[in-house]
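[1] starting from these lines, generate the structure:
(2 chains)
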Amino acid sequence: MSVDQSTVRKIARLARIAVTDAEVPHLQGELNAMLAFVEQLNEVDVSGVEPMTSVTPMVMKKRVDEVTDGYYAERIVGNAPLTEDHFFLVPKVVE
Amino acid sequence: MNDLTHMTLADARDALKAKKITAVELTDAHVAAVSAAAPLNAYVLETPDQARAMAAQSDKKIAAGTAGPLEGIPLGIKDLYATKGVRTTACSNILGNFVPDYESTVTSNLWRDGAVMLGKLNNDEFAMGSSNETSSFGPVVSPWAPPNWSPEKAKAALSGDKKGLLVPGGSSGGSASAVAAGLCLGATATDTGGSIRQPAAFTGTVGIKPTYGRCSRWGIVAFASSLDQAGPIARTVRDNAILLTSMAGHDPKDTTSVDLPVPYYEAAIGKSVKGMTIGIPKEYRVDGMSSEIETLWSKGAQWLKDAGAKIVDVSLPHTKYALPAYYIVAPAEASSNLARYDGVRYGVRVQGKDITDMYEQTRAAGFGAEVRRRIMIGTYVLSAGYYDAYYVRAQKIRTLIKKDFEDAYASGVDAILTPATPSPAFGIGEKSGADPVEMYLNDIFTVTVNMAGLPGLAVPAGVSAEGLPLGLQLIGRAFDEETLFSLGEVIEQAAGRTTLPKRWWV
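    Next up, the predicted model:
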């Protein structure tokens, strides 16, 4: 399988990465090189094989659903580019 | 000062305990070496004041008789590990000046045991790379000068465009370079597809990727969560064993960390390997493999045989599919993990005309080319209509890769011996062509181990015809790092410890 330029733009959009028109042909070449490389996986007979979900067999650990941490909003927003009163600020989303 | 920075970690520990040296002396020698080696670009942040304060504390503890197992040992920390109050960037512009308010579990364990932090080490951006050339801080230079170069020529290149100088491998290139150059006694590293073992092999150092679940991933910047594992790089097998004993352990904050007791790994050093069975997988004899790698591999098998091990041929039939399957699974997980970098909660932000535009501009500006490429391929293989054809198929192949190893171990093999890399280190800029796959082939021997979640140790075994380090890899059963340390020690003793490169960079 290979991707065309409109697919490259679509993937970039889904990945939330802006691409310029000039970058598209270059990205298309690189993505197609990777897709050509993984093409060989089609040689393998995978019928009846379970997809791996956990590399080390282990039982999912659970804990009681209770608050064990928190109450330091100042520290949480400490690295944010833009904040106000312990809130993260973003451009207007709802008109 | 040379002797203090060229000691092994074990010797330094013993000298500290015997009060032949002080932690402050040891740290000062390293701080000076780090500062003089700045052009190698191994460290992206030096923390000399913190190092001296920690060392002074260590001297007090040694005097009081309350020293920990790593008391006063100066270490470098890969910039993927969150360090409280110390800038952590994963060597990506998108994290900007991120200063964590918390400490990763693995580094907490090291400080608990008395280790001293010298600073943060360079790596490929988000650990995506095999040469440390994708770092936002620029490439790391290997302390191994190119063959037949005079120290003057190498030094001139170092202050110029760096072309022709060697890469230390990646993604833990800063860790490997710093350990090989005498800029720390050991370093933390991480391995998703070979990022500990390939740079160790390129620099004549020792590195272990422990079994998945052995070390906590909490507080380590995530790349591909089902493959990532923390481990050490140091100058000897024993030093690796010492570091892993401190780094490993169960952590309730990482649900994939296992609740198993941590062995005292150093006890495995020097243990007899007599009667062990070592598998040689024929599928690792790849097309175009150089004769010197082939020879090194046979030599390694012979050394283990001389030590009383039995050598048998094994087959791991799905080996050739590990790398292509990895380039589906790892980018898929990366695209998901890296979705968090959106310019809202931390890192840099590029303003846009609306929120989506802000995300897109921020991520376009913040991520480097390799990271953008991997996020995009990951997004594609997870997208509607392609998920089964790519992602599910790759995960099925992963099951088959793991089964290959299980079958080999079930047949009575204790460990598997392979080359660590298909070649010695290459030059900076040499593999930056249009085809990304050329670089990916570096991990052909290491990536299978991550796909199966097993432990793998890279140990120096000799040098190429041109005099560059070459390594062998030992692959073990899950949670049997001890066998790898015993076998690795045999190879290290037989091959002779690698001589550290001369300091041409000062």
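[2] so who does the spatially most central residue of chain B touch?
    A centroid search over chain B (Cα atoms, centre = their mean) returns B:Ile196, at 2.0 Å, as the residue closest to the centre. By Cβ atoms under 8 Å, 6 or more residues apart in numbering or on different chains, the residues touching B:Ile196 are B:Ser172, B:Ser175, B:Ala189, B:Thr190, B:Gly207, B:Ile208, B:Lys209, B:Gly231, B:Pro232, B:Ile233, B:Ala458. (C-beta placed from N, C-alpha, C; glycine too.)
[3] of all those residues, which two lie farthest apart?
    Maximum pairwise distance among the contacts of B:Ile196 (Cβ to Cβ): 14.1 Å, between B:Thr190 and B:Ala458.
[4] which of the two has more neighbours?
    Remark: of B:Thr190 and B:Ala458, B:Ala458 carries more neighbours, 33 against 26, as counted by other Cβ atoms under 10 Å in any protein chain shown.
[5] ranges for the helices of the stretch 101-250 of chain B?
    All helices of the stretch 101-250 of chain B, identified by DSSP state H, counting those that start in this stretch, fall at B:105-112, B:151-159, B:173-180, B:197-203, B:237-247.
[6] please export the C-alpha coordinates of the shortest one as PDB.
    Put plainly, it is helix B:197-203. What follows is helix B:197-203, C-alpha atoms only, in PDB (Å, rounded to 0.1, in the frame of the first residue of the first chain):
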ATOM      1  CA  ARG B 197      22.500  -2.000  23.600                       C
ATOM      2  CA  GLN B 198      23.300  -0.400  20.200                       C
ATOM      3  CA  PRO B 199      25.100   2.700  21.700                       C
ATOM      4  CA  ALA B 200      26.900   0.500  24.200                       C
ATOM      5  CA  ALA B 201      28.200  -1.700  21.400                       C
ATOM      6  CA  PHE B 202      29.300   1.400  19.400                       C
ATOM      7  CA  THR B 203      31.200   2.900  22.300                       C
END
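[7] so which elements touch that helix?
    Applying 3 or more Cβ pairs under 8 Å, 6 or more residues apart in numbering or on different chains; DSSP states H and E, one finds that helix B:197-203 contacts helix B:173-180, strand B:206-209, strand B:456-463, strand B:469-476.
[8] and B:Ala384, what does it touch?
    Here B:Ala384 is in contact with no residues (criterion: Cβ under 8 Å, 6+ apart).
[9] please read the previous query as pertaining to B:Arg52.
    For B:Arg52, the contact set (Cβ under 8 Å, 6+ apart) comprises B:Val24, B:Thr27, B:Asp28, B:Val31.
[10] need those in TSV (columns: distance to B:Lys163 and neighbour count).
    Converted to TSV, the contacts of B:Arg52 look like this (distance: Cβ to Cβ, whole Å; neighbours: other Cβ atoms under 10 Å in any protein chain shown):
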residue	distance to B:Lys163	neighbour count
B:Val24	40	19
B:Thr27	35	26
B:Asp28	35	18
B:Val31	30	22
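[11] return the subset of these lying in helices.
    B:Val24, B:Thr27, B:Asp28, B:Val31 (DSSP state H).
[12] excluding chain neighbours, what is closest to residue 73?
    Because you didn't say which chain, this covers chain A. A:His86 (4.0 Å; Cβ to Cβ, 6 or more residues apart in numbering or on different chains).
[13] sorry, should have said chain B
    Leaving aside its sequence neighbours, B:Ile73 sits nearest to B:Ala115 (Cβ to Cβ, 6+ apart; 5.0 Å).
[14] show the pLDDT at the most centrally placed residue in chain A.
    In chain A, the centroid-proximal residue (Cα atoms, centre = their mean) is A:Ala15; its distance is 6.8 Å. Looking at A:Ala15, its pLDDT is 98.
[15] ok, B:Val348 next?
    B:Val348 carries a pLDDT value of 95.
[16] check the gap between it and B:Gly378 for me.
    22 Å (Cβ to Cβ, to the nearest Å).
[17] returning to that earlier point: make TSV out of the helices of the stretch 101-250 of chain B and add mean neighbour count and mean pLDDT.
    TSV is the format used below for those (neighbours: other Cβ atoms under 10 Å in any protein chain shown; pLDDT from 0 to 100):
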stretch	mean neighbour count	mean pLDDT
helix B:105-112	22	98
helix B:151-159	14	96
helix B:173-180	35	98
helix B:197-203	36	98
helix B:237-247	27	98
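[18] just give the nearest non-adjacent residue to the residue nearest to the centre of chain A, would you?
    Spatial nearest neighbour of A:Ala15, excluding adjacent residues (Cβ to Cβ, 6+ apart): B:Thr379 at 4.2 Å.
[19] ok, now B:Pro469?
    B:Gly204 (3.4 Å).
[20] number of residues surrounding the residue nearest to A:Ala15?
    B:Thr379: 24 neighbours (other Cβ under 10 Å).
[21] ok, it - contacts?
    A:Ile11, A:Leu14, A:Ala15, B:Ser335.
[22] Three-state assignment for it, please.
    helix (DSSP: H, G, I helix; E, B strand; the rest coil).
[23] can you pick out the most distant pair from the ones in helices among the contacts of B:Arg52?
    Top of the distance list for the ones in helices among the contacts of B:Arg52 (Cβ to Cβ): B:Val24 and B:Val31, 10.1 Å.
[24] mind checking which helix or strand A:Ala36 is in?
    According to DSSP states H and E, A:Ala36 maps onto helix A:24-38.
[25] hmm, the helix or strand containing A:Arg9 in reach of chain B?
    Under the criterion of DSSP H and E, A:Arg9 resides in helix A:5-14. Yes: Helix A:5-14 reaches chain B (Cβ under 8 Å from any Cβ of the partner chain) through A:Thr7, A:Val8, A:Ile11, A:Ala12, A:Arg13, A:Leu14.
[26] may I have that helix as CSV, with CA atoms only?
    Only the C-alpha atoms of helix A:5-14 are listed here, as CSV (Å, rounded to 0.1, in the frame of the first residue of the first chain):
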residue,chain,number,x,y,z
GLN,A,5,-0.6,13.5,-1.3
SER,A,6,-4.2,14.0,-0.2
THR,A,7,-3.8,11.1,2.3
VAL,A,8,-0.6,12.7,3.6
ARG,A,9,-2.6,15.9,4.3
LYS,A,10,-5.3,13.9,5.9
ILE,A,11,-2.9,12.0,8.2
ALA,A,12,-1.2,15.3,9.2
ARG,A,13,-4.6,16.7,10.1
LEU,A,14,-5.5,13.7,12.2
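[27] now the angle from it to helix A:24-38?
    Computed by axes from the mean of the first three to the mean of the last three Cα atoms, to 10 degrees, the angle separating helix A:5-14 from helix A:24-38 equals 90 degrees.
[28] name the residues that touch helix A:5-14?
    Counting by Cβ under 8 Å, 6+ apart, A:3, A:18-19, A:24-25, A:27-28, A:31, B:360, B:376, B:379-380, B:383 sit against helix A:5-14.
[29] which of the residues you listed count as buried?
    Neighbour counting with 16 or more other Cβ atoms under 10 Å in any protein chain shown marks A:Val3, A:Ala18, A:Val19, A:Val24, A:Leu27, A:Gln28, A:Leu31, B:Glu360, B:Met376, B:Thr379, B:Tyr380, B:Ser383 as buried within the contacts of helix A:5-14.
[30] ok, now which ones touch the last one?
    Translated: B:Ser383. A:Ile11, A:Leu14.
[31] pLDDT value on it, please?
    B:Ser383 carries a pLDDT value of 94.
[32] go on, the first one?
    The score at A:Val3 is 95. That number is its pLDDT.
[33] phi first, then psi, for it.
    phi -110, psi 140 (degrees, to the nearest 10).
[34] endpoints of stretch B:433-446, how far apart?
    23 Å (Cα to Cα, to the nearest Å).
[35] buried sites along that stretch?
    Under 16+ other Cβ under 10 Å, the buried positions of stretch B:433-446 are B:Pro436, B:Val437, B:Met439, B:Tyr440, B:Leu441, B:Asn442, B:Asp443, B:Ile444, B:Phe445, B:Thr446.
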